[in-house]
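In: need a 3D model of the following:
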Amino acid sequence: MNELTSGGAATVESRIDRAVLAALHGQDLSGFEIWRWLGAGTDSSNLLSEADLYPNLYRLQAHGVIRSTWQEGQRTRRRYRLTADALYRADETGLPRAGSGAATRSERSDRAVSPDPEATSWFVPPREPGEEPVGASSSTADRGGSATASPAASHHDPEADEIDRYLDDLDASLDLPRRQRSLVRQELADHIADSAAVLRVSGVPAEAAVAEAIYHLGDARDLASRMGRAEHTPQRRSSAIRRSAVTVVLEMLVWLVPAVALIALAPFIADLAIAAGGLAGAHLTLLRSGEWVTSQIGVVLCLGAFSAGRMSLGQLARGSRHRDGSVRRTWAVGGGVALLAIALLIPGWQDGPAVATFVAVPIAFVAGTFRPWQSEERRYSVRGAAAAVLVAVAITLLPGVRLFTYDPNATPGTPLTDGKPSIDLAATKSTDGNTISYGRSVELWPAATSGLFLVVDPGATGPTKTVTGSFNINDLPPNRQWWVVAVVKNADGTSTALDVAIQTGATPTVSTPLGWLISHF
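Out: Numbering: from 1, shown residues only. Below you'll find the model as predicted:
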């Protein structure tokens, strides 16, 4: 990257890098302190403007040459230091440590402060640990506030308002994650306050010091653009994409565990719903078929896709140093298409609602990207988990999807005696689930769905099948529901319905959502 780290030929960039590393060789400095060292007659003094300082620092940090720490309790909180590898290389190449060589501290202290805007730099002696900034008066310290307060915290100070306006413009144009933008804002606020203090000491009128300090940093939008480009390295982007893709896979796998639990609990939940309906005088039934089980998997995959979209986009934005909105479209479209291709090929027992849940998987992923996870948030909140459970239950048992009501008095041929069943029409199934016995003679009438209701097929003129004892469900046409009516013949030739139940027909063979769509459209 530069002559110190890669041994390449000296360039403008490498000379600037070497000067920055020389300033940090043996000491930790803030950005403003680095700038003061660069103004002490280094070979970068005519190459680097103050507006170039932070883009270059961020570039060096992105390439792992320097790193920064955030230290509370100091006037300027963000400080830079060489990484262990860079420090080793600096020692190997003979780069002098701070305080040694031609420009010692005492020599630098004799240099005049130069606030000349045309010079693009000035120098004042770097302060010792615990030393107040040069020219910092009590009012300046007060404006800095406590250890955690921003120099621009007071909105009653015209200078603070001017700093805020500049930083607001910068923040609006800075393509970095929320936390990084907050740190940049604080760092530049500290820089402007330190710079203004130095300018006041050098003779610049107090009321003009902040404006001139801002002037030296340059246009906020241009500075934001160059700082963003310094942070957006191909290595960071590639690494963030890989980690985010792994996050998507892991989230989907994690949510398959609740899928198994939901499949196990759904019949119990359905029984509760049916029992509650019975107490209210409603006759409810759930069409418990293979397609219903497939829907449970689809529902949980939708929840997993939402979580994957939320987690992965937040991770991608932070890892690649972008705003959420800058990477959302590309990530949402790419991830959504990939999940749709996978969802359409998942085998199962398919019908309209089952296919709909799988088609909704990429939609859920895209929706999740609009609520990206921030690193300071908990991954899963109690409210979010409760909402996920409610969504799963609602989709599973939503009337018109899987839970239907029927009127037993609307039985074919004759209503129930006194409107109440006189027997318990309970089915007994064989171990393979194919042979069903009601223990008595029953009529099977084809059923149809009408909105929230399960009714006898209006086109039926008589029972499709009359069986005594057991029958094989595979003998019935697939994908149908049936009214099972226990009928007795009276002596006068009339019929009386003793009870009615709803029976699903044979489950079709395993298919994929894509296969179902092709066969139906």
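
In: okay, CA-based contacts and neighbour counts for the rest of this
Out: OK.

In: residue ranges for the strands of the protein, please.
Out: Ranges of strands in the chain, per DSSP state E, are 29-30, 66-70, 78-82, 284-286, 403-405, 428-429, 435-450, 453-456, 465-472, 481-489, 495-504.

In: using a markdown table, lay out these together with mean pLDDT, mean neighbour count and distance to residue 414.
Out: A markdown table is the format used below for these (pLDDT from 0 to 100; neighbours: other Cα atoms under 10 Å; distance: least, Cα to Cα, whole Å):
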| stretch | mean pLDDT | mean neighbour count | distance to residue 414 |
| --- | --- | --- | --- |
| strand 29-30 | 90 | 22 | 91 |
| strand 66-70 | 90 | 17 | 82 |
| strand 78-82 | 91 | 22 | 85 |
| strand 284-286 | 82 | 22 | 20 |
| strand 403-405 | 82 | 21 | 19 |
| strand 428-429 | 80 | 14 | 25 |
| strand 435-450 | 85 | 18 | 12 |
| strand 453-456 | 88 | 20 | 13 |
| strand 465-472 | 82 | 14 | 16 |
| strand 481-489 | 83 | 22 | 9 |
| strand 495-504 | 82 | 21 | 6 |
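
In: got CSV for those, with distance to residue 201 too?
Out: Listed next are the strands of the chain as CSV, based on distance: least, Cα to Cα, whole Å:
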stretch, distance to residue 201
strand 29-30, 20
strand 66-70, 27
strand 78-82, 23
strand 284-286, 82
strand 403-405, 79
strand 428-429, 94
strand 435-450, 85
strand 453-456, 85
strand 465-472, 98
strand 481-489, 89
strand 495-504, 89
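
In: those strands: which one's closest to residue 370?
Out: strand 66-70 (30.0 Å; Cα to Cα).

In: pLDDT weak spots in the protein?
Out: Residues of the chain that meet the criterion pLDDT under 70 lie in 1-12, 40-47, 73-76, 94, 96-156, 288, 392-401, 417, 419-422, 478-479.

In: got the domain ranges for it?
Out: Per the record, the chain has its domains at 3-231, 234-402, 406-504, by automatic domain parsing.

In: which residues does residue 232 contact?
Out: For residue 232, the contact set (Cα atoms under 8 Å, 6 or more residues apart in numbering) comprises 320, 321, 322.

In: mind redoing it with 10 Å?
Out: When contacts are counted by Cα atoms under 10 Å, 6 or more residues apart in numbering, residue 232 touches 58, 59, 62, 175, 176, 226, 319, 320, 321, 322.

In: for these, work out which two are farthest apart.
Out: 226 and 319, at 18.3 Å, using Cα to Cα across those.

In: look up how far residue 277 lies from residue 88.
Out: Remark: distance between residue 88 and residue 277 (Cα to Cα, to the nearest Å) = 76 Å.

In: the two: who's more crowded?
Out: Neighbour comparison, residue 88 and residue 277: the larger count goes to residue 277, with 15 against 12 (by other Cα atoms under 10 Å).

In: can you pull the contacts of the more buried one?
Out: Residues near residue 277 by Cα under 10 Å, 6+ apart: 271, 283, 284, 285, 405.

In: of those, which is the nearest to residue 17?
Out: residue 271 (71.4 Å).

In: and that closest one, how many neighbours does it have?
Out: 14.

In: residues contacting it?
Out: Neighbour list for residue 271: 277, 284, 285, 286 [criterion: Cα under 10 Å, 6+ apart].

In: who's in contact with the closest residue in space to residue 191 that isn't next to it in sequence?
Out: Distance criterion Cα to Cα, 6 or more residues apart in numbering; nearest residue to residue 191, sequence neighbours excluded, is residue 32 at 5.6 Å. Contact analysis of residue 32 by Cα under 10 Å, 6+ apart lists 38, 50, 53-54, 76, 78-79, 126, 187-188, 190-195.

In: neighbours around residue 379, how many?
Out: Neighbours around residue 379, by other Cα under 10 Å: 12.

In: surely residue 19 meets residue 38?
Out: Yes. With contacts counted by Cα atoms under 10 Å, residue 19 reaches residue 38, the gap being 6.8 Å.

In: the more surrounded of these two?
Out: For residue 19 versus residue 38, neighbours defined as other Cα under 10 Å are more numerous around residue 38 (26 against 20).

In: my guess is that one meets residue 15, correct?
Out: No. Applying Cα under 10 Å as the test, residue 38 and residue 15 come out as separate, 11.3 Å apart.

In: quick one: residue 273 and residue 280, what's the gap?
Out: 11 Å.

In: which one's more surrounded, those two?
Out: Per other Cα under 10 Å, whichever of residue 273 and residue 280 has more neighbours is residue 273, with 17 against 9.

In: now do the contacts for that one.
Out: 267, 279, 284, 285, 286, 397, 403.

In: how much space between the nearest residue to residue 241 once chain neighbours are set aside and residue 309?
Out: Once flanking residues are discounted, residue 241 sits nearest to residue 316: 6.2 Å by Cα to Cα, 6+ apart. Shown here: residue 316 relative to residue 309, a distance of 10 Å by Cα to Cα.

In: how about residue 517?
Out: In terms of Cα to Cα, residue 517 sits 26 Å off from residue 309.

In: ok, those two, which is more surrounded?
Out: residue 309 (33 against 14).

In: ok, the more buried one touching residue 329?
Out: No. Residue 309 lies out of contact with residue 329 (Cα under 10 Å); the separation is 11.7 Å.

In: what's the overlap in contacts for those two?
Out: With Cα under 10 Å, 6+ apart as the test, residue 309 and residue 329 both reach 335, 366, 369, 370.

In: which residues touch the nearest residue to residue 463 once chain neighbours are set aside?
Out: Of all residues not flanking residue 463 in the chain, residue 445 sits nearest, at 4.6 Å (Cα to Cα, 6+ apart). By Cα under 10 Å, 6+ apart, the contact set of residue 445 is 411-412, 455-457, 460-466, 481-485, 502-503.
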